[in-house]
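[1] sequence and predicted structure below; questions after.
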Amino acid sequence: MTTIADYAGHTATENVKQAFKKAREHESYNALLSLTEARALERAAQVDAGEITGKLAGVPFVVKDNYLAFGAPTTAASKMLQDFDAPLQATAVEKLEAAGAICIGKANLDAFAHGGSTENSAYGPTKNAVDPTKVAGGSSGGSAVVTALDIVPFALGTDTGGSIRQPASFNGVVGYKPTYGMVSRYGVLAMASSTDTMGCFATTAIDAELVMSIMAGRDDNDMTSLPDYFEPATLDKKLKIGVIQELMTDDVDSEVLGAVRAKIQAFKDAGHDVESVSLPIVKHTLAMYYIIVPAEISSNLGRFDGVRYGKRSEQATTLSELYGMTRNDGFMIENERRILIGSYVLSSGYFDAYYQQAQKARTLLIQAFDTLFEQYDVLVSPTAPKPAFGFGENTKDPILMYLSDAMTVSGSLAGLPAISIPAAVGPTSKLPVGIQLMAQRKDDALLLSFAKTVEEQSGDV
C-alpha cells in the first residue's frame with residue numbers, strides 16, 4: 001500500500017486527481033459519503049504554485065464525516081445533518097491543512113459514531129476492504145476502508161471505545177488512538193466527551209506518527225486538550241511487555257489468538273521481556289462503558305431538537321411534536337437506544353445505582369492500569385475478539401455488537417494511547433487480524449516507536 005513518502009515527486013494536482021480516480025473506482029464499497037473535489041483541486045493548485053507548503057504538502061487525505069470540514073456537508077452519516085454545511089473546521093483538520101495536506105472527501109460511519117460495523121449509517125453500510133461480504137467495522141469504518149483500498153495514505157477517525165482500532169483490525173491497516181487530550185476535540189461532533197479522541201488510520205506506524213505529530217497540541221477552544229508533549233522518537237531500549245491474560249481466553253476466535261500469539265513470540269525473539277499479566281477488572285469494562293457513554297450521549301445529542309440547526313420536522317404543530325418528530329426522523333435506532341439508556345441511568349433513583357457506581361469502577365480501572373504501568377512499558381491484547389463478521393450477523397442483538405469492543409473499551413475509559421497494527425491474515429477466514437498495543441498516558445512516543453520497530457522487524461515497511 002502507498003505511504004505518505006510515495007507522494008513525493010508528484011504534483012499535488014496529480015495526487016488529488018489520482019485519489020479521486022481511485023475513489024470512483026471503489027464506489028461500490030460505500031466508504032465515502034461525499035467528495036470535496038472543487039476545494040481540493042483549488043488547494044492542490046495553491047500547493048503546486050508554492051503558496052501552501054509543509055510536511056504534508058500535496059498529500060490527499062479523508063476525514064470521518066463527524067469532523068467539521070469545508071467542501072461538502074458534514075452529516076455524521078445521519079439524516080439529522082444531511083444538509084449541514086460547517087461554519088468552521090475542526091482544529092485537527094486546520095492543522096493538517098496548514099501542513100499542506102488536502103482533504104478529498106468525507107468517510108462513512110455509524111450515524112453519530114454509534115456502532116461497531118458502519119451498518120448504522122443512514123446512507124448504507126460500508127463494505128470491508130478485504131472481503132466485501134463482511135462489515136468494515138465501526139464506527140470509523142469508512143476511514144479504515146479508504147486507507148486499506150489505497151485511495152489515500154491516511155484518514156482521520158474518532159475513537160470513543162474502539163472506533164479506530166477495531167475497523168483498523170478488520171481491514172488490515174494501522175489505527176491509532178492517542179492519549180485522551182493529545183489532540184483537540186474542537187470541531188468534531190461530540191459522542192462521549194470524556195472518552196472521545198481524535199486519531200488516524202495509516203498504512204504504516206511511521207505515517208501515523210507523522211500525522212499525529214501535526215495534529216497534537218494544546219487548543220484554547222478545547223479545555224481538555226493537553227499542552228504539546230508529543231515528540232516522535234526512536235526506540236532505544238528493550239521493553240517490558242505485559243500480555244493481558246483476561247483478554248486471551250477461549251472466548252476469543254482461534255485465528256485471532258493464533259495471530260496474536262505469533263506476534264508476541266516475535267516480540268520475545270526481538271529481545272523484549274514479555275510476561276503474562278492479570279487485570280481482573282477488565283472483565284467489567286463493557287458494563288462500565290455502556291453506562292457512562294450512553295449517559296454522555298444523551299446529554300450531547302440534546303442539542304439536536306429541530307430548533308437551532310439540522311433537520312426540522314415539517315409536520316409538527318407544537319413544540320413537543322417538533323422535538324419528537326424531528327428526532328424520530330433524524331436519528332437511527334441505535335442513536336435512540338443509547339439516548340434511552342443514558343437518560344435512564346441519569347434519572348432520579350438510578351443515578352447512584354448505575355452511573356455513579358460505573359464512575360467509581362472506572363477509577364478502579366485507571367488505578368489498576370497505573371499499577372501495571374509501574375512495571376510494564378506496553379500492554380498487549382487482541383484488537384477484536386474475532387475477524388470481521390457478516391452483514392446482519394450482529395444487528396438483531398445489540399449485545400453481540402457491543403461485544404466487538406470488548407478488547408478496546410478499557411483503554412478508552414482510562415484515557416490510554418493505543419494502537420492496532422496488523423498481526424496476520426487468518427489462514428481459514430483469509431481476513432486480517434490486528435494486535436492492540438497500549439501504553440501509559442502521554443507515552444505516545446514510546447508506543448509509536450515500538451510499533452515502528454515491529455513493522456521493521458516483520459518487513460512491513
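    Okay, I see it.

[2] tell me the contacts of Ala111?
    76-78, 80, 120-122, 331-332, 334-335 (Cβ atoms under 8 Å, 6 or more residues apart in numbering). Placement of C-beta: from N, CA and C, glycine included.

[3] make that Pro398, sorry
    334, 337.

[4] any idea how far Thr2 is from it?
    Separation of Pro398 from Thr2 (Cβ to Cβ, to the nearest Å) stands at 37 Å.

[5] neighbour-wise, give me the winner out of the contacts of Ala111.
    Neighbour tally across those (other Cβ atoms under 10 Å): the maximum, 33 neighbours, falls on Ala77.

[6] what about that residue, distance to Lys238?
    For Ala77, the distance to Lys238 - Cβ to Cβ - is 44 Å.

[7] helix or strand for Ala45, which one?
    Counting by DSSP states H and E, the element that carries Ala45 is helix 37-48.

[8] other residues contacting that helix?
    11-13, 15-17, 20, 52-53, 57-58, 60, 70-71, 97, 100, 102-104.

[9] helix or strand right after that helix?
    Taking DSSP H and E, what comes next after helix 37-48 is strand 60-64.

[10] buried stuff in that next one?
    Buried positions in strand 60-64, judged by neighbour count with 16 or more other Cβ atoms under 10 Å: 60-64.

[11] coming back round to it: restricted to helices, list the contacts of helix 37-48.
    12-13, 15-17, 20, 97 (DSSP state H).

[12] just put these in TSV and tack on distance to Glu296 and pLDDT.
    Converted to TSV, the ones in helices among the contacts of helix 37-48 look like this (distance: Cβ to Cβ, whole Å; pLDDT from 0 to 100):
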residue	distance to Glu296	pLDDT
Ala12	40	98
Thr13	43	98
Asn15	39	98
Val16	37	98
Lys17	41	98
Phe20	37	98
Glu97	29	98
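
[13] for Leu416, state which of these is nearest.
    Glu97 (28.6 Å; Cβ to Cβ).

[14] list the residues that contact the closest one.
    Applying Cβ under 8 Å, 6+ apart, the residues contacting Glu97 are 43, 89, 103.

[15] kindly report the same for Tyr402.
    So Tyr402 contacts 116, 286, 290 (Cβ under 8 Å, 6+ apart).

[16] same list, those, but as TSV with neighbour count and pLDDT please.
    Compiled in TSV, the contacts of Tyr402 are given as follows (neighbours: other Cβ atoms under 10 Å; pLDDT from 0 to 100):
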residue	neighbour count	pLDDT
Gly116	30	96
Leu286	17	96
Tyr290	21	95
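
[17] state the distance from the residue nearest the centre of the chain to Thr179.
    Nearest to the geometric centre of the chain sits Ile164, at 2.3 Å (Cα atoms, centre = their mean). Separation of Ile164 from Thr179 (Cβ to Cβ) stands at 14 Å.

[18] can you give me the buried ones in stretch 23-30?
    Neighbour count says stretch 23-30 has 23, 26, 29-30 buried, by 16+ other Cβ under 10 Å.

[19] between the two ends of it, how far is it?
    10 Å (Cα to Cα, to the nearest Å).

[20] strand partners of the helix or strand where Ser276 lies, parallel vs antiparallel please.
    In this structure, Ser276 sits in strand 273-277 according to DSSP H and E. Strand pairing for strand 273-277, using DSSP bridges, gives strand 240-244 (parallel).

[21] what residues sit buried inside the strand it pairs with?
    For strand 240-244, by 16+ other Cβ under 10 Å, it's 241-244.

[22] next, the angle from whatever helix or strand comes next after it to strand 273-277.
    Next along the chain after strand 240-244, taking DSSP H and E as the criterion, comes helix 254-269. Helix 254-269 and strand 273-277 are oriented at 140 degrees to each other (axes from the mean of the first three to the mean of the last three Cα atoms, to 10 degrees).

[23] against which helices or strands is helix 254-269 packed?
    strand 240-244, strand 273-277, strand 378-382, strand 418-425, strand 432-439, helix 444-458 (3 or more Cβ pairs under 8 Å, 6 or more residues apart in numbering; DSSP states H and E).

[24] quick one: residues in contact with that helix.
    241, 243, 248, 274, 380-382, 384-387, 423-424, 426-429, 431, 433, 435, 454, 457-458.
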